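Peer 1: What would the 3D arrangement of this be:
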Amino acid sequence: MPEFAGVKFKNPLVVASSPLTVKPELLKKAEEFGAAAVSTKLTFVKQPFYGKLRMHHSLKEGSIVCHDRRLDMHEGIALIEEGRRITKDLIIFANMTHSGADLEGWARLGKALEEAGAHILEPNLICPNLGLTAQALGEKAPSGGAIPGQSPEMTFDIVKTLKEVVRIPVVPKLTPNVTDITVIARACQDAGADGICLAGGQLSLPPVDIYHPDSAYPLLHGASMGSLGGPACRLMGFAQVASVAQRVDVPVVGGGGIETWEHAVQYMMWGATLVTACTSLMWYGFGVISRILGGMKEFMADRGYNAYQDLVGLALPLLRAAENLQVVPGVAVVDKDTCTGCGRCVRPAHCDAVTMVNGKADIDPQECLGCSFCAVLCPVRAIAMQPV
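Peer 2: Residues are numbered from 1 along each chain as shown. Model prediction:
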């Protein structure tokens, strides 16, 4: 069983704060499909505006949420109380935010959610829809979500305040919309944070419909920058998690774009102790949880890992500055028996090494840059990169 911030989890999977966690029956369903934990829908003392769920979706690229209904304090309390009543061993993170400068309000909300039965507080310092979108347009912005999350000083004060008033762990969820995420993470650590959560949230816009440029989101007049989720944020997520895991001495919840068990394992190898999923569950259902956990268990048994913790940070020794990387001399090599002669490998505009000879790909080793474009483009994997 993984242990995170002193709390034992039956597995590493957390369902992220979202429309997936806004009702008690959804918390119960997440548990029934195998999730170890959920983060409840974002809760305020009183939310600044009452939205309605509106999103952009691209199954290949990702999702952007720009408008949504959150919870007022009495609703968040009721959700946690009922969630605790109807679930068995589900760990509940209470996702919460408030005006950055009002530390008394942060303390009041955090204490109320602890008393409702939350196992962990998750101060929301990530949501870009609460002011960051207005700030990006030069407008006056309410100070919640990602706004205080961009300031190491304000982040420190919020985490320290919460640690002084609650006994349960405090695990802030940080915005990626900063120059150096480790500066914010270290401020959290210095304030006593028990962990860090990193999962998507990049400020984003949907593509413009060039034939109807007066509309960007379905069923919404106007377009706002919103919070990115899904595949588009996965590679950025790896970098965020690895940076924080390497430089901060508290455990990390990592996510953003997790759709398969391989993605979950990759996040853990880059340093996450727990992993969190959202968009894939909204697209494909709670069954994604079972498939991720089943795949992880099978992989671990096959590779001889005894515990989830064995995966954490395995890739971190690879990290180094670009000037310290060591280039391995090598070239692309074609398996002529497998090659179908489709010609995709000759398309890269920068490459002079690949030609077609007698209907098969042929590599000139003197011209080969070792860039691996041809290997990636080959639909039958007839090309491999080999050291020389």
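
Peer 1: make it CA atoms for all contacts and neighbour counts henceforth
Peer 2: Noted.

Peer 1: Look up how far residue 130 lies from the closest residue in space to residue 53 that isn't next to it in sequence.
Peer 2: Leaving aside its sequence neighbours, residue 53 sits nearest to residue 68 (Cα to Cα, 6 or more residues apart in numbering; 4.1 Å). As judged by Cα to Cα, to the nearest Å, residue 68 and residue 130 stand 11 Å apart.

Peer 1: Compare neighbour counts for these two and give me the winner.
Peer 2: residue 130 (26 against 15; other Cα atoms under 10 Å).

Peer 1: Can you give me the pLDDT of that one?
Peer 2: On pLDDT, residue 130 comes in at 75.

Peer 1: In this protein, spot the helix with the most residues.
Peer 2: Secondary structure of the chain per DSSP state H: the longest helix is helix 287-303.

Peer 1: List the buried residues for it?
Peer 2: By 16 or more other Cα atoms under 10 Å, the buried positions in helix 287-303 come out as 288-293, 295-297, 300.

Peer 1: Not counting that helix itself, show me its contacts.
Peer 2: 11, 13, 30, 33-35, 259-262, 264-265, 280-281, 306-307 (Cα atoms under 8 Å, 6 or more residues apart in numbering).

Peer 1: try it again with 6 Å
Peer 2: 33, 260-261 (Cα atoms under 6 Å, 6 or more residues apart in numbering).

Peer 1: taking these one by one, which sit in helices?
Peer 2: Going by DSSP H, the helices hold residue 261 from these.

Peer 1: about what we covered before: now do the same contact list for the residue nearest to residue 53.
Peer 2: With contact set as Cα under 6 Å, 6+ apart, residue 68 has these partners: 51-53.

Peer 1: Check the secondary structure at residue 161 for me.
Peer 2: What DSSP: H, G, I helix; E, B strand; the rest coil gives for residue 161 is helix.

Peer 1: Near it, how many other residues are there?
Peer 2: Residues near residue 161, counting by other Cα under 10 Å: 18.

Peer 1: Quick one, grab the pLDDT at it.
Peer 2: 98.

Peer 1: How much space separates it from residue 106?
Peer 2: 8 Å.

Peer 1: Residue 114 now?
Peer 2: 12 Å.

Peer 1: Which one of those two is surrounded by more residues?
Peer 2: Legend: neighbour count by other Cα under 10 Å for residue 114 and residue 106, higher for residue 106 (24 against 21).

Peer 1: list the contacts for that one?
Peer 2: Taking Cα under 6 Å, 6+ apart, we find residue 106 in contact with residue 98.

Peer 1: how long is stretch 218-225 from one end to the other?
Peer 2: 14 Å.

Peer 1: Then stretch 304-311?
Peer 2: First-to-last residue span, stretch 304-311, Cα to Cα: 11 Å.

Peer 1: Name the residues of that stretch that come out as buried.
Peer 2: So, applying 16+ other Cα under 10 Å, buried residues of stretch 304-311: 308-309, 311.

Peer 1: Now flag whichever of the residues you listed is closest to residue 368.
Peer 2: In terms of Cα to Cα, no member of the buried residues of stretch 304-311 lies closer to residue 368 than residue 311, at 35.5 Å.

Peer 1: List the residues that contact the nearest residue to that closest one once chain neighbours are set aside.
Peer 2: Nearest non-adjacent residue to residue 311, counting by Cα to Cα, 6+ apart: residue 269, 5.4 Å away. Residue 269 is in contact with 311-315, counting by Cα under 6 Å, 6+ apart.

Peer 1: Of the residues you listed - the most surrounded one?
Peer 2: Ranking these using other Cα under 10 Å puts residue 312 first, with 22 neighbours.

Peer 1: how about low-confidence regions in the protein?
Peer 2: The model of the chain has pLDDT under 70 over residues 141-142.

Peer 1: so where do the helices sit in it?
Peer 2: Using DSSP H, helices in the chain cover 24-32, 73-86, 103-116, 132-136, 146-149, 152-165, 181-190, 234-247, 261-269, 279-284, 287-303, 373-377.

Peer 1: neighbours of the residue nearest to residue 6 when sequence neighbours are not counted, just the number please.
Peer 2: Closest residue to residue 6 in three dimensions, ignoring its sequence neighbours and counting by Cα to Cα, 6+ apart: residue 169, at 7.9 Å. Neighbours of residue 169 under the rule other Cα under 10 Å: 23.

Peer 1: Quick check: phi and psi at residue 169.
Peer 2: phi -60, psi 150 (degrees, to the nearest 10).

Peer 1: show me what contacts residue 194?
Peer 2: By Cα under 6 Å, 6+ apart, the contact list for residue 194 reads 5, 169-171.

Peer 1: Please produce TSV containing these, extended by distance to residue 371.
Peer 2: As requested, those are arranged in TSV below (distance: Cα to Cα, whole Å):
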residue	distance to residue 371
5	42
169	46
170	44
171	41
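
Peer 1: between those, which is closest to residue 19?
Peer 2: residue 171 (20.4 Å).

Peer 1: can you tell me how far residue 222 sits from residue 378?
Peer 2: In this view, residue 222 and residue 378 are 42 Å apart by Cα to Cα.

Peer 1: higher neighbour count, those two?
Peer 2: residue 378 (18 against 9).

Peer 1: Next, that one: phi, psi?
Peer 2: Dihedral angles for residue 378 - degrees, to the nearest 10 - are phi -70, psi 120.

Peer 1: how much space between it and residue 290?
Peer 2: Look at residue 378 and residue 290: by Cα to Cα, they are 32 Å apart.

Peer 1: Equivalent analysis for residue 187, please.
Peer 2: 36 Å.

Peer 1: same deal with residue 351?
Peer 2: Residue 351 sits 43 Å away from residue 290 when distances are taken as Cα to Cα.
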